[in-house]
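[1] I'll drop the sequence and a predicted model, then ask my questions.
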Amino acid sequence: MNKLLIGAAALSIAATSALAGSHSVVRMGTEGAYPPWNFINDSGEVDGFERELGDELCARAELTCEWVTNDWDSIIPNLTGGNYDTIIAGMSITDERDEVIDFTQAYTPPDPSTYAALSADIDLSSAVIAAQTGTIQAGYVAESGATLVEFATPDETVAAVVNGEADAVLADSSFIDGAIAANSDLMVVGDPVALGGGVGMGVRESDGELKAKFDAAIQSMKDDGSLNALIAKWEVSSQW
């Protein structure tokens, strides 16, 4: 999920230096609210593309992992603050984020963002556009000349269009596809927008050893084709 969030992350970096190095248990931080990337299933467990991917990466890296959910708007500060050890939450790799945290290599290519609305007769250049707070989509809308309205969760952005608070919503194409499938009144409008540099795992800048382990695991999945198979299964982006 292609998202832009720095927030107050830098304030916690110094306090986490003691957390670097070896990890007996790696805590995998995700949002749990962005299907098909990550969501909470009927059993109350983290599910989706990134749950399956993360479990496989941990197995290949010979790491014991557990899953932690966190609201999107504080997901980077709580990584640097030590509440978990990675972010695996549809987070696009951007220069701004890379100033605060490190990223593994991308595990999906850049996923186009798509607009959805209730009518095809929308002038996106002057419309009211909903986007999730702290995302690269929100940043794009803010610079486009349209009126941006931000919401804390992805579902709220869709609801804003359905209830008339916004003319359209901009989000990752894979999320928009699911929203349209769940609400037949919604439709794709306008052209896709290419944003971000692919999705990767976020780690603390002090955790170079952990980053290297996940980099190697991601590369091994690319090399044997299993990553493309997983991308195709969950339909989250184009393949490598």
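    Thanks, I have the structure now.
[2] which SS state does residue 176 fall under?
    helix (DSSP: H, G, I helix; E, B strand; the rest coil).
[3] can you give me the helices for this structure?
    Under the criterion DSSP state H, helices of the chain are mapped to 49-60, 75-80, 95-98, 136-144, 154-162, 173-182, 208-224, 226-234.
[4] can you give me the offset of the last one from its chain's centre?
    Counting by CA atoms, centre = their mean, to the nearest Å, helix 226-234 is centred 17 Å from the centre of its parent chain.
[5] please apply the same query to the fourth one.
    Taking CA atoms, centre = their mean, one finds the center of helix 136-144 at 16 Å from the center of the full chain.
[6] so where is this protein shaky, pLDDT-wise?
    Applying pLDDT under 70 to the chain flags the ranges 1-23.
[7] give me the most central residue, it.
    By CA atoms, centre = their mean, the chain has its centre lying nearest to residue 90, at 2.0 Å.
[8] pretty sure that residue contacts residue 201?
    No: the pair residue 90 / residue 201 is not scored as a contact, 10.9 Å apart, by CB atoms under 8 Å. Bear in mind the C-beta positions are built from the backbone N, C-alpha and C, glycine included.
[9] show me what contacts the nearest residue to residue 179 once chain neighbours are set aside?
    Among residues not flanking residue 179 along the chain, residue 158 sits closest, at 4.8 Å (CB to CB, 6 or more residues apart in numbering). By CB atoms under 8 Å, 6 or more residues apart in numbering, residue 158 lies in contact with 116, 130, 169, 179, 183, 186.
[10] out of the helices of the chain, deepest packed?
    Most buried of the helices of the chain by mean neighbour count (mean count of other CB atoms under 10 Å) is helix 75-80; its value is a mean of 23.
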